[in-house]
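# coords please:
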Amino acid sequence: MGTPADELRRELTESGVRPGDEVIVPAYGTPEAAEAVLLAGARPVFVDIDADSYCLDPAAAAAAVTGRTAAVVPVHTFGHPADMARFNELGARHDVRVIGYGAVHEPIAEIGRRQAHAAFLDGKLRGVLTPVVAAGVVHSYQQYVVRVPGNGRPDRDAFARALRSRGVVCHVPVQTPVHRLPRFRRELWLAETERAADECLALPVDASMSRRELQRVVSACNALGGLLRSAA
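This next block holds a predicted model:
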């Protein structure tokens, strides 16, 4: 069995993507989609994300379409689905392939537990910006990603260190946007991508967590609210 990038490369090739074509991918997230485009011999074109879902922004993708564009790869990010209806409209309008990527099929019970945990955190957390879920979609919370408001990365990283010192396991979901990795480096400024890379922090929301463990996360986060300027 190949890697996820191998599988996406195969799908790109089977859909008609050829060497020299351009394929639109998000700059925020893992590099797998961009790797697959390179494996297919095509050129990844990095565009910005939607500020709420962290998925590829349909308007930004539409603006990036050229005569060389063969496909768009909307990536479902952190468990939030990309807006496939809008991307399918884009594909029909510009005659480009649309290939969704990143959906993970998991047991319904596990997803339900994470959703319940996320709802608890949504209602209790203060001083961080909790996830925004688009109307009519189901977020599976593969990661529960909050924004730490402040003046950029030092505030988020200081907050993360303080949480870890209190026994809360957390991590930065995307350290470096894909377009700034050495293999893909582009001279681009993608405002929402850069802001997400500076502000986002993934908190634990595992299905196995107890209410006591969730409350520990809440207590630790809320106790640190004074380190940050108001989220308002």
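# rest of the way, CA atoms for contacts and neighbours
Noted.
# chain center to the lengthiest helix in the chain, what's the gap?
Looking across the chain with DSSP state H, the single longest helix is helix 108-124. Put simply, helix 108-124 sits 18 Å off its chain's centre (Cα atoms, centre = their mean, to the nearest Å).
# now do the helix or strand just after it: which elements does it pack against?
Using DSSP states H and E, the helix or strand that follows helix 108-124 in sequence is strand 144-147. Counting contacts by 3 or more Cα pairs under 8 Å, 6 or more residues apart in numbering; DSSP states H and E, strand 144-147 packs against strand 200-203.
# residues making contact with the strand it packs on?
With Cα atoms under 8 Å, 6 or more residues apart in numbering as the test, strand 200-203 has contacts from 143-148, 156, 160, 169-174, 217.
# next, give phi and psi for residue 4.
With angles defined as degrees, to the nearest 10, residue 4 sits at phi -60, psi -40.
# CA atoms only for the helix or strand of the chain with the lowest mean pLDDT - export them in PDB, please.
The helix or strand of the chain with the poorest confidence is helix 153-165; it has a mean of 86 (mean pLDDT, DSSP states H and E). Written as PDB, here are the backbone C-alpha positions of helix 153-165 (Å, rounded to 0.1, in the frame of the first residue of the first chain):
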ATOM      1  CA  ARG A 153       3.700  33.300  17.400                       C
ATOM      2  CA  PRO A 154       5.500  34.200  20.700                       C
ATOM      3  CA  ASP A 155       2.100  34.600  22.400                       C
ATOM      4  CA  ARG A 156       0.800  31.300  21.100                       C
ATOM      5  CA  ASP A 157       4.000  29.500  21.900                       C
ATOM      6  CA  ALA A 158       4.200  30.900  25.400                       C
ATOM      7  CA  PHE A 159       0.700  29.900  26.000                       C
ATOM      8  CA  ALA A 160       1.500  26.300  24.800                       C
ATOM      9  CA  ARG A 161       4.500  26.100  27.100                       C
ATOM     10  CA  ALA A 162       2.500  27.200  30.100                       C
ATOM     11  CA  LEU A 163      -0.200  24.600  29.300                       C
ATOM     12  CA  ARG A 164       2.300  21.800  29.100                       C
ATOM     13  CA  SER A 165       3.800  22.900  32.400                       C
END
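# helices and strands around it, which ones?
helix 191-199, strand 200-203.
# quick one: contacts for residue 109?
Neighbours of residue 109 in contact, by Cα under 8 Å, 6+ apart: none.
# per-residue confidence for the closest residue to residue 98 other than its chain neighbours?
Here the nearest residue to residue 98 in space, its sequence neighbours aside, is residue 72; by Cα to Cα, 6 or more residues apart in numbering that works out to 5.0 Å. pLDDT for residue 72: 98.
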